[in-house]
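Q: structure of the sequence below:
(one chain, ligands or ions: 4)
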Amino acid sequence: MVHQGIVQPLLTDLYQITMAYAYWKFNKQSQAAVFELFFRNNPFKGGYTIFAGLSDCIEFVSNFAYSKSDIDYVKSILPSSVEEEFFHFLSGIHGDQVTIAAVPEGSVVFPRVPLLRVEGPLATVLLMETTLLTLVNYASLVTTNATRFRLTAGNDKPLFEFGLRRAQGPNGGLSASRYCYIGGFNGTSNVLAGKLFSIPVVGTHSHAFVMSFSGLTDLCKTHVQYATGSDSKLFDLKCGTQKWLTQISPMLDVAEDEIIEGELAAFISIAIAFPTNFLALVDTYDVIRSGIPCFCAVTLALDEAGYRAKGIRLDSGDLAYLSRQSRCQFQLLAERLNKPWLSLLTIVASNDINVRTMNSLNQQGHQINAYGIGTHLVTCQEQPALGCVYKLVELDGVAKMKLTQERSKLSLPAKKKVYRLFGENGSPLADLLQKYDESPPLVDQQVLCCHPFQESERKYIVPSRVEEMNCNYWIKGKSCKEIPKLVDIRNYCQNQVNSLRRDHQLLSNLNTYKVFVSDALYQTMHKLWVGDTTMREPGSYHE
Ligand SMILES: Nc1ncnc2c1ncn2[C@@H]1O[C@H](COP(=O)(O)OP(=O)(O)OP(=O)(O)O)[C@@H](O)[C@H]1O
Ligand SMILES: O=P(O)(O)OC[C@H]1O[C@H](OP(=O)(O)OP(=O)(O)O)[C@H](O)[C@@H]1O
Ligand SMILES: O=C(O)c1cccnc1
Ligand SMILES: [Mg+2]
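A: Numbers count the residues shown, from 1 in each chain. Ligands and ions are numbered 1, 2, ... in the order given. So this is what the prediction gives:
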């Protein structure tokens with residue numbers, strides 16, 4: 001649904017189709033395959049990742065079928081030597097041939113844990129690789145990024161995603177809006193995302209809007225209706241604003257002729273258009289000498305008409321300093337005019353904010369109540385891709401492993417189950433990967449946890465709670481677990497992040513949470529690794 005018809009079987013790399021042909025030609029297409037999708041390192045040098053994209057994966061698989069025009073196109077790009085029968089085979093491929101197990105969407109996950117396990121005929125499962133990866137990689141990356149902003153901002157600060165204009169294309173923008181919401185953002189400026197996903201939509205106004213007004217003579221309307229009272233009664237917001245400006249200028253220590261009249265006119269016009277929602281961008285000219293006085297004058301006039309203004313947005317300069325200064329001005333007027341609500345007006349900050357900026361603002365001390373974040377959030381500038389991969393782990397019941405000189409690229413063989421082991425305080429201690437048919441670890445009983453590569457690094461853990469992380473979502477055409485609503489995935493994701501131990505939550509803590517393997521899985525893996533001839537046979541490699 002995020003991708004509006006783009007996600008279809010041909011959204012793949014050509015080599016999946018050419019390999020499928022070779023499988024078909026050598027009669028391997030129906031071998032029972034198990035592939036697992038995982039990543040090798042947490043993004044952003046962080047301590048965790050959020051798994052996202054599952055709903056889209058299930059939707060993709062459930063609709064998987066090549067149309068006649070797909071088949072015609074594939075025929076046109078493959079050499080004429082490709083046998084016609086292969087195209088009959090392709091048109092018979094459907095999502096009901098596969099079974100999918102996954103960890104729930106919004107889960108905190110760690111390197112090497114299978115996020116998605118896809119089982120079925122070798123060619124069919126292979127043909128889904130690229131699409132599944134593209135559905136999970138960016139979704140998980142941007143959701144993880146959003147949670148990092150949420151952790152840095154704290155739970156009490158609304159976060160708004162403003163990234164559409166800077167995103168990697170329309171589809172990137174739409175995905176970002178959806179997944180940032182899961183990651184803990186409160187709303188988006190993206191109207192289509194609001195319509196499609198029922199995410200709250202929010203908006204202020206731009207500098208261009210302010211710049212388009214030259215003075216008060218631009219205002220062809222000057223009145224608003226009173227918030228309460230009869231329909232016919234109008235309040236002159238322009239006159240009211242001018243009166244208040246004269247009164248508050250000396251209190252704010254600005255001369256009335258420092259005020260930019262176009263800015264004042266812009267604020268009056270937006271307040272007349274949206275009297276219940278007045279939030280002004282105050283940094284077009286000079287925040288302290290013009291923006292804040294104009295905003296306060298309109299706010300006080302609106303108050304006379306019975307409306308409560310929302311606040312301001314700062315979009316340039318030193319956001320810590322300007323937010324503190326703005327708050328001081330609000331407080332000063334609140335005291336002088338005996339209107340305590342003035343000191344509580346919202347200050348929204350935007351302008352290229354990233355996690356580092358936000359941390360720095362926290363350290364400096366600021367008065368920002370909410371953030372609008374675009375570029376760094378949606379483009380994931382700090383790390384633009386999550387390296388999820390999709391590897392063959394079992395074929396016709398035989399464990400398969402990607403063997404390579406580079407240890408970080410070794411894959412863990414065999415169809416697995418994932419268990420999360422919890423400590424007494426309710427936080428996860430470590431994950432344990434077991435072979436599929438091993439008996440599960442038990443609460444209050446010690447379980448041997450092995451480092452996948454270092455024999456000396458083994459220990460017993462006694463979990464206070466054990467959670468099996470991956471469960472079936474789709475069994476050969478039948479959906480067997482409901483995909484939660486977006487808001488429920490969001491709540492689950494927030495709980496997942498909050499349940500992490502502080503040191504695992506840290507934003508720069510690459511791979512400290514441990515993912516162990518059982519002794520049986522360790523043995524299987526090391527037999528393959530050292531080249532046991534009974535298990536390592538030609539064709540055990542999968543790139
Ligand atoms: N107090 C602060 N501490 C740390 N970073 C900040 C602070 N205030 C703003 N920033 C960040 O500094 C960066 C740029 O600020 P700068 O003042 O140069 O931008 P600007 O006012 O928009 O200027 P320009 O006209 O060059 O665009 C932004 O990424 C912004 O988020
Ligand atoms: O800064 P971001 O995190 O990307 O957030 C989105 C930005 O988009 C708007 O800027 P606009 O397009 O008006 O350009 P600007 O940089 O000149 O403000 C808005 O004022 C934010 O600054
Ligand atoms: O509504 C806003 O203030 C907004 C929306 C998109 C980008 N920048 C700001
Ligand atoms: Mg801007």
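Q: where's Ile312 relative to ligand 2, distance?
A: From Ile312 over to ligand 2 the distance is 13 Å, taken as Cβ to the nearest ligand atom, to the nearest Å. Placement of C-beta: from N, CA and C, glycine included.
Q: try Gly477
A: Gly477 sits 43 Å away from ligand 2, going by Cβ to the nearest ligand atom.
Q: check Cys180 too.
A: Cys180 is 12 Å from ligand 2, by Cβ to the nearest ligand atom.
Q: may I ask you to name the longest helix in the chain?
A: Ordering each helix of the chain by length in residues (DSSP state H) puts helix 129-153 first.
Q: how far does stretch 479-490 stretch from start to finish?
A: With Cα to Cα, to the nearest Å applied, stretch 479-490 spans 21 Å between its terminal residues.
Q: could you give me the buried positions within it?
A: Within stretch 479-490, the residues that count as buried by 16 or more other Cβ atoms under 10 Å are 483-484, 486, 489-490.
Q: skip ahead from the longest helix of the chain and say which helix or strand is next.
A: strand 159-161 (DSSP states H and E).
Q: and that next one, anywhere near ligand 3?
A: No - with Cβ under 6 Å from any ligand atom as the criterion, ligand 3 is not reached by strand 159-161; the gap is at least 7.6 Å.
Q: show me what that strand is packed up against.
A: Other helices and strands packing on strand 159-161, by 3 or more Cβ pairs under 8 Å, 6 or more residues apart in numbering; DSSP states H and E, are helix 129-153, helix 169-182, strand 187-188, strand 370-373.
Q: and it, which strands flank it?
A: strand 187-188 (parallel), strand 370-373 (parallel) (DSSP bridges).
Q: what mean pLDDT does the longest one get?
A: Averaging the model's pLDDT scores along strand 370-373 yields 98.
Q: are it and ligand 1 in contact anywhere?
A: No - contact of strand 370-373 with ligand 1 (Cβ under 6 Å from any ligand atom) is absent, the minimum separation being 9.6 Å.
Q: CA atoms of that strand as PDB?
A: Provided in PDB are the C-alpha atoms of strand 370-373 (Å, rounded to 0.1, in the frame of the first residue of the first chain):
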ATOM      1  CA  ALA A 370       8.800  20.500  19.200                       C
ATOM      2  CA  TYR A 371      10.900  19.800  16.200                       C
ATOM      3  CA  GLY A 372      10.300  19.700  12.500                       C
ATOM      4  CA  ILE A 373      12.900  17.500  10.800                       C
END
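Q: any residue of whichever helix or strand comes after that strand up close to ligand 1?
A: Of the helices and strands lying after strand 370-373 in sequence (DSSP H and E), the nearest is helix 375-378. No - applying Cβ under 6 Å from any ligand atom, one finds helix 375-378 out of contact with ligand 1, separated by at least 8.4 Å.
Q: what's helix 375-378 packed up against?
A: Going by 3+ Cβ pairs under 8 Å, 6+ apart, helix 375-378 lies up against helix 129-153, helix 169-182.
Q: quick one: residues contacting Lys28.
A: Neighbouring residues of Lys28 by Cβ atoms under 8 Å, 6 or more residues apart in numbering: 122-123.
Q: please disregard the earlier target; I meant Val515.
A: Per Cβ under 8 Å, 6+ apart, neighbours of Val515: 110-113, 430-433, 452.
Q: most neighbours, which of these?
A: Among the contacts of Val515, Leu432 has the most neighbours (other Cβ atoms under 10 Å), with 29 neighbours.
Q: okay, now the domains of this protein?
A: Residue ranges for each domain of the chain read 14-145+383-535, 204-368, as given by automatic domain parsing.
Q: chain center to the last one, what's the gap?
A: Relative to the mean C-alpha coordinate of its chain, domain 204-368 is positioned 32 Å out (Cα atoms, centre = their mean, to the nearest Å).
Q: now do it: distance from first to last residue.
A: One end of domain 204-368 sits 16 Å from the other (Cα to Cα).
Q: and if you look at stretch 473-490?
A: Its start and end residues considered, stretch 473-490 measures 19 Å (Cα to Cα).
Q: ok, now stretch 47-54?
A: End-to-end for stretch 47-54, by Cα to Cα: 21 Å.
Q: which ones are touching Asp519?
A: Here Asp519 is in contact with 448, 450 (Cβ under 8 Å, 6+ apart).
Q: I meant Arg336, not that one.
A: Listed by Cβ under 8 Å, 6+ apart, the contact set of Arg336 reads Met251.
Q: CA atoms of the helix or strand of the chain at the bottom of the mean pLDDT ranking as PDB?
A: Among the helices and strands of the chain, helix 502-505 carries the lowest confidence by mean pLDDT, DSSP states H and E, at a mean of 83. Provided in PDB are the C-alpha atoms of helix 502-505 (Å, rounded to 0.1, in the frame of the first residue of the first chain):
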ATOM      1  CA  ARG A 502      20.300   1.900  28.700                       C
ATOM      2  CA  ASP A 503      23.700   0.800  27.400                       C
ATOM      3  CA  HIS A 504      22.100  -1.100  24.500                       C
ATOM      4  CA  GLN A 505      20.000   1.900  23.700                       C
END
